[in-house]
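Asker: Have a look; sequence and predicted model below, questions after that.
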Amino acid sequence: MTRGRQVLAALVVAGMAYYAVEGGEYGTLDLLSLRKQAKGEREAIVRLRMEVDSLVREEHALATDPVTQEKVARELYGMIRPGEILYQVVPRDSTAR
């Protein structure tokens, strides 16, 4: 074989090897990208499960814990006990002069 044919054969082999790794619809870079995306999705699932667990605990406390119920009633609805005085601090309107 001549030197030119050897170089051509090496290029063909290299091209075939590249196509075997990266060619087609899903190459190695696509695989790595999909693995990274899957890892991100698994992390998101963990965060969402933690949030759901927290909301379940909060729901249970709102349904069964009188202290939590009183806290919410005081904060959201301004409810007070007999004999208490409610003070509300209202910020000054920044548009009025």
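Answerer: Looks like it arrived, so ask away.
Asker: what about the chain, any weak spots by pLDDT?
Answerer: For the chain, residues meeting the criterion pLDDT under 70 lie at 1, 24, 94, 96-97.
Asker: all helices for it, in order.
Answerer: In the chain, helices defined by DSSP state H lie at 3-22, 28-64, 66-77, listed in chain order.
Asker: Adding mean neighbour count and distance to residue 87, write those helices out as JSON lines.
Answerer: Every residue, glycine included, has its C-beta placed from N, CA and C. Below are the helices of the chain laid out as JSON lines (neighbours: other Cβ atoms under 10 Å; distance: least, Cβ to Cβ, whole Å):
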{"stretch": "helix 3-22", "mean neighbour count": "10", "distance to residue 87": "70"}
{"stretch": "helix 28-64", "mean neighbour count": "10", "distance to residue 87": "26"}
{"stretch": "helix 66-77", "mean neighbour count": "11", "distance to residue 87": "13"}
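Asker: so who does the residue most central in space within the chain touch?
Answerer: For the chain, residue 44 is the residue whose C-alpha lies nearest the centre (Cα atoms, centre = their mean; 4.1 Å). With contact set as Cβ atoms under 8 Å, 6 or more residues apart in numbering, residue 44 has no partners.
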